[in-house]
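Asker: Sequence first, then the predicted structure:
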Amino acid sequence: MTNDNWVPFNERPDWDDIEPVPQDDGPHPVVPISYTEHFREVMDYFRAILAKDERSLRALQLTAEVISLNSANYTVWHFRRLVLEALDYDLEEESIFLETIAEMNYKNYQFWQHRRWVAQKRASVAAPDELKYTEVVFNDDSKNYHAWSHRQWVLLNLGGWEGELEYCSKLLSQDIYNNSAWNQRYFVITKDPSRGGLQAMLESEVQYTLLAIRQAPSNESPWRYLRGLFKDDKLNLLTRNDVITVCLEQLAEEESSVHALNLLLDLMASGLVTGRGGEQCFRKPEGCKVISEGLNQGAASVTPQSHKRYVKGFYGRRCMNVD
Amino acid sequence: MGVIDEHWLKFTRREQFFWIVSPAEYLENRAGGRNQCLSLDPNSFLAVASVPIMLSTHCSAEQSFLCSNMEEGSSSSTLSQRLLSDLERVVSSAYEQFDSAKIKERYELLTLSSHHHETYVIRGLRRLSSGFYVLDSSRPWLCYWILHSLALLRRSVDDVLYNRSIAFLKRCQDPQGGYGGGPGQMPHLATTYAAVCALVTLGGEKALASIDRDKTLQFLLRMKDPCGGFRVHDDGEMDMRGSYTALAVAHMLDIMIPELVENVGEYVRSCQTYEGGIGGEPGAEAHGGYTFCGLAALALVNQLHVLDLPALVNWVAFRQGRVEGGFQGRTNKLVDGCYSFWQGGCFQVLQQYMPHLWVQQNASMPGLSKTCDVFEGSKSGFEATDSAMEDPEEKSEEESARRAEDMSSSRTTDSRSNSGVDLNPLTEALDSKQSDSKSAVEDGAAGDSAPFAAGGPSSTTAAEKTVGEEKEEFLTPTEQVPAAEELGSDDEVFEFTGPVMKTGFYSADKLFPMVEIGFHREPQHVACVEVCEAPQGAVQDPGTGVSGASGNSSRSTGEVDSVDEFLYGPIFNSQALQAYILLCCQDIAGLRDKPGKSADFYHTCYCLSGLSAAQYSTAHRVDGPPPPSGVLGPYSNLLEATHALCNVRLDRYYEARSFFQR
């Protein structure tokens, strides 16, 4: 936070017309922060500029200093946007500024909000840059929530859908457990205007997902994705032998495969009937106890009473990791 | 070696525990030279600040911590997998340590170090090191985290701090309404929520009267977007935090006007993802913090029905770690103590709004009535895998009969809810208190309040607790205690995995299984769930905690069912969550994300809030005390109850509501 080359404002000639404004904390504040002298002075000058509402180049530079000290100060970001507009500032320059402070701000709401603001002004020309930028972030942290939200916003507002599905596949090939990439995949197949919506994508996505499930059955993400594919069309799910088969397969493999059971119970809630002897479908008795329990409940998981048991039995994920 | 042993023996049990769980951190703590800045986890979920979201995004840091302490995962596993199983291993060894301890030591380990936590937070109220500059725009949050933690711990602030807190927050209040992150900063919805919660928690005329309600309403209206969402500040981002904080403030201050509520349902629904949870904005990944925000926001405006609640419950239920007992924020991410509230709190909400859930679950049954047709249609397909099926017809008949019942009840409930039956016990409670104060609850209350008769919760000793546990009938004052076989078979059915201990892997669900606390009843008709509970003498003596609850609560039981509890048993493993908080999240002072992290105010606040929610989830009534078996560890661990939607202490909530309604 301390910079050796930093010159205090009271030693800067171009600032001597400004009377710094101290923070009005009152005589006995609670949660008082022991600011450093540097922090205090910069903030005092910022308060002065803010009070004057001075939208000048030096004000712009001052906001950059404040941001470098505390990038969570949303007031300064807001004021910076006012100054940028007043100065009709070059937004390419602003992008460069954002680059220079990026690394410490990957998880900062204000930073990303500002980035969105700049990108919106630059319009579609910004799309490739923004997409590229989020990819850089994902190299470090492939689940960065802000970056994913930003990327979705860019796609929806500035375009750049080509290659997005492949990008999801690439991230998933690196880490099939990356739920953020699964979520993005769902976003693409439902929102990309060129893909014709979920129905058009359904077949290939089901195949992709089943493959992922067989690759790592304890991975909850593709199971949820699979349910998501049939979210609004559960009856269709009942006709999917491939889906039902994968459930039974996994249960045969591992009787406590909670994800398979979860889906199967949902299927039964939607109307899949295996009958009283249904449990014989399963080789392992534990799995079928659940199923028969579900049947005894009349409707699988979904009566409130059984729901409790259901949660009781099923809370807890990743059971496959245990052994 | 000998030297180490010698030192080892001098350690207290808790110190030994710490050492095993996180040696690096332990050394750091012992050294005492910890830089506050480092220990600060500024990643509070709601904190305005830069300071972002949760642990969840801390992959790289976690990785470096975990990998430095543990062997690398197998090369074939992915990064996510390694992180997940590494944390499981750390937590599991903590539980193993607990399991191998003697009974008395176990009690010590399960004891909430209230005194240390209190000391830790109150110090922050007085002074913060320069490292806290990163939270310079979140100071009302610091006030709230600290004051709420103290309130849950039943500690009050002295007059000096009380007055100073009010004076300081007043300086954060913007002349145009709302509160900023510090004096002179522009108003922000999140800090407005924090400031209002802090003032409600402080309680009393002076604190509550310092809030400019009219201006606050103007501010909320300025932040409202036509699409139904709220921007967090002028020209700021719009996300689920905005919706929740705005509506919680409006509710607490009793300024919930139609303009604020408009399109809220549409906005929140558009953020529910295919997974079942809720994301920060439409399209974003389901996330614990935003899920609580969305759920609570809708509950506050009585529009829970717009969500797919069964899907949401399913998602949240799967967020609880079987091994850890705590909650993760997103699918395949690491458990973090703060989600004890964000995710665990969802259950607290849902538990109190079960009728909403039922309505939807029942509504999904009509799909079942078509079962036979659908099944016939695709029968040939099934036969390949389902060849051993026996007489499906017979079963189906039974089922259809059952379904028909369910459907009819679902229709009834639907129409009831449309015709304005109160499904909103929390927000409407106070408003409807005049309507029916005949106490139908006395029978139950007498039983429920039994543990306090012994001298108040904080003085209830372990021994007393044991006695309480044996007195099973007290737990179910008006209910039939379920047959032993039923309980037994219930458990048996759902034991999937063999005893974990035999593989040497300890998990929360084995060590801390769900306890049965007498919630065995058939689904209740929705019509009977109207509830109006409200302490008449709003303010309780903080010293005696919830002791006033039984006498002060009343509610109407509807015409259909005479059950006089309206809560249903916890729909998650409350014991395991409590275990995670007590055994893994307690730092020497303050609470934390997970073993290996340091305490901070944010995690202290939300671990305690989550602990409170978990404890009271086992109570039979909103406002009622949980039975001893519902509180893990000594009964003195029992915290104050927190309001499920606003997350302020329940008695303070009532006080504020009646203050602003007069």
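Answerer: Noted; the coordinates are in hand.
Asker: what's the distance between the residue in the stretch 551-662 of chain B positioned nearest to chain A and B:M514?
Answerer: Using Cβ to the nearest Cβ, the closest approach of the stretch 551-662 of chain B to chain A is made by B:I571 at 5.0 Å. For glycine as for every other residue, the C-beta is placed from the backbone atoms N, C-alpha and C. Going from B:I571 to B:M514 by Cβ to Cβ, to the nearest Å gives 10 Å.
Asker: Ok, B:Q575 next?
Answerer: Going from B:Q575 to B:M514 by Cβ to Cβ gives 6 Å.
Asker: A:V66 now?
Answerer: Distance check for A:V66 against B:M514: by Cβ to Cβ, it reads 51 Å.
Asker: ok, now A:L265?
Answerer: 19 Å.
Asker: Tell me which of the two has more neighbours.
Answerer: Shown here are A:L265 and B:M514; by other Cβ atoms under 10 Å in any protein chain shown, A:L265 has more neighbours (26 against 23).
Asker: so which helix or strand takes in the more buried one?
Answerer: helix A:258-270 (DSSP states H and E).
Asker: Mind giving me the packing neighbours of that helix?
Answerer: If contacts are counted by 3 or more Cβ pairs under 8 Å, 6 or more residues apart in numbering or on different chains; DSSP states H and E, helix A:258-270 sits against helix A:220-229, helix A:234-238, helix A:241-253, helix A:285-296, helix A:304-314, helix B:365-369.
Asker: hey, least reliable of those helices by pLDDT?
Answerer: With a mean of 35, helix A:304-314 has the lowest mean pLDDT of the helices and strands packed on helix A:258-270.
Asker: Okay, buried residues for stretch A:194-209 please.
Answerer: Judged by neighbour count using 16 or more other Cβ atoms under 10 Å in any protein chain shown, the buried positions of stretch A:194-209 are A:198, A:201-202, A:205-206, A:208-209.
Asker: My understanding was that the residue of the stretch 551-662 of chain B closest to chain A contacts B:A317; is that so?
Answerer: Yes: between B:I571 and B:A317 there is a contact at 7.4 Å, judged by Cβ atoms under 8 Å.
Asker: circling back: and the helix holding A:L265 with helix A:220-229, angle?
Answerer: Relative orientation of helix A:258-270 versus helix A:220-229 (axes from the mean of the first three to the mean of the last three Cα atoms, to 10 degrees): 20 degrees.
Asker: quick one: average pLDDT of helix A:258-270?
Answerer: 79.
Asker: same deal with stretch B:125-140?
Answerer: Computed over stretch B:125-140, the average pLDDT equals 96.
Asker: and it, anywhere near chain A?
Answerer: Yes: judged by Cβ under 8 Å from any Cβ of the partner chain, stretch B:125-140 and chain A are in contact via B:125-130, B:132-139.
Asker: So which of the residues you listed sit within helices?
Answerer: Those of the residues of stretch B:125-140 next to chain A mapping onto helices are B:125-126, B:139, per DSSP state H.
Asker: which one of those has the most neighbours?
Answerer: B:R139 (31 neighbours).
Asker: Which residue would you name as the spatial centre of chain A?
Answerer: Centroid-nearest residue in chain A: A:Y145, 3.0 Å away (criterion: Cα atoms, centre = their mean).
Asker: before we move on, could you check phi and psi at it?
Answerer: phi -60, psi -40 (degrees, to the nearest 10).
Asker: what does the model give it for pLDDT?
Answerer: 97.
Asker: wouldn't it be in contact with B:E281 here?
Answerer: No: between A:Y145 and B:E281 there is no contact under Cβ under 8 Å: 10.4 Å.
Asker: Now do stretch A:89-99: everything it contacts.
Answerer: A:60, A:64, A:83-84, A:111, A:114-115, A:118, A:121-122, A:126, A:129 (Cβ atoms under 8 Å, 6 or more residues apart in numbering or on different chains).
Asker: What average pLDDT does that stretch get?
Answerer: The average pLDDT for stretch A:89-99 rounds to 93.
Asker: Count the neighbours of A:W6 for me.
Answerer: 12.
Asker: Now the residue of the stretch 101-250 of chain A found nearest chain B: closest residue in space that isn't a chain neighbour?
Answerer: Closest to chain B within the stretch 101-250 of chain A is A:G228: 2.8 Å, counting by Cβ to the nearest Cβ. Of all residues not flanking A:G228 in the chain, B:Y274 sits nearest, at 2.8 Å (Cβ to Cβ, 6 or more residues apart in numbering or on different chains).
Asker: before we move on, what about B:C338?
Answerer: Per Cβ to Cβ, 6+ apart, closest to B:C338 is B:Y606, 4.0 Å.
Asker: What about that neighbour, how many residues nearby?
Answerer: B:Y606, neighbours per other Cβ under 10 Å, totals 32.
Asker: Could you identify the helix or strand that succeeds the helix or strand harbouring it?
Answerer: Per DSSP H and E, B:Y606 falls inside helix B:601-616. For helix B:601-616, the following helix or strand on the C-terminal side (DSSP H and E) is helix B:650-661.
Asker: same for that next one, what does it pack against?
Answerer: helix B:189-202, helix B:204-209, helix B:240-252.
Asker: I'd say A:V188 and A:R195 touch.
Answerer: Yes: using Cβ under 8 Å, A:V188 is in contact with A:R195, at 7.3 Å.
Asker: which regions of the chain sit below the pLDDT cut-off?
Answerer: Reading this off chain A. Within chain A, the ranges that satisfy pLDDT under 70 run A:1-4, A:269-271, A:273-323.
Asker: could you do chain B instead?
Answerer: B:1-76, B:362-504, B:516-568.
Asker: For it, which segments are assigned as strands?
Answerer: Ranges of strands in chain B, per DSSP state E: none exist.
Asker: Now do B:D308: how many residues are near it, please.
Answerer: By other Cβ under 10 Å, 17 other residues sit near B:D308.
Asker: so it sits right up against B:Q360, yeah?
Answerer: Yes: if you go by Cβ under 8 Å, B:D308 and B:Q360 touch, sitting 7.2 Å apart.
Asker: Of the contacts of stretch A:89-99, select the buried ones using a ChimeraX command.
Answerer: Remark: buried members of the contacts of stretch A:89-99, expressed as a ChimeraX selection using 16+ other Cβ under 10 Å:
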select /A:60,83,84,111,114,115,118,122,126,129
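Asker: And the contacts of stretch A:89-99, which two are furthest apart?
Answerer: A:V83 and A:D129 (22.7 Å; Cβ to Cβ).
Asker: I'd say A:L172 and A:S180 touch.
Answerer: No: using Cβ under 8 Å, A:L172 is not in contact with A:S180; the gap is 10.2 Å.
Asker: between those two, which one's more packed in?
Answerer: Set A:L172 next to A:S180 and count neighbours by other Cβ under 10 Å: A:S180 wins out with 27 against 20.
Asker: Helix, strand or coil: sort out that one for me.
Answerer: helix (DSSP: H, G, I helix; E, B strand; the rest coil).
Asker: how close does the closest residue to it other than its chain neighbours get to A:S149?
Answerer: Distances taken as Cβ to Cβ, 6+ apart place A:K143 nearest to A:S180, at 4.4 Å, with adjacent residues excluded. In this view, A:K143 and A:S149 are 12 Å apart by Cβ to Cβ.
Asker: Brilliant, that's me finished.
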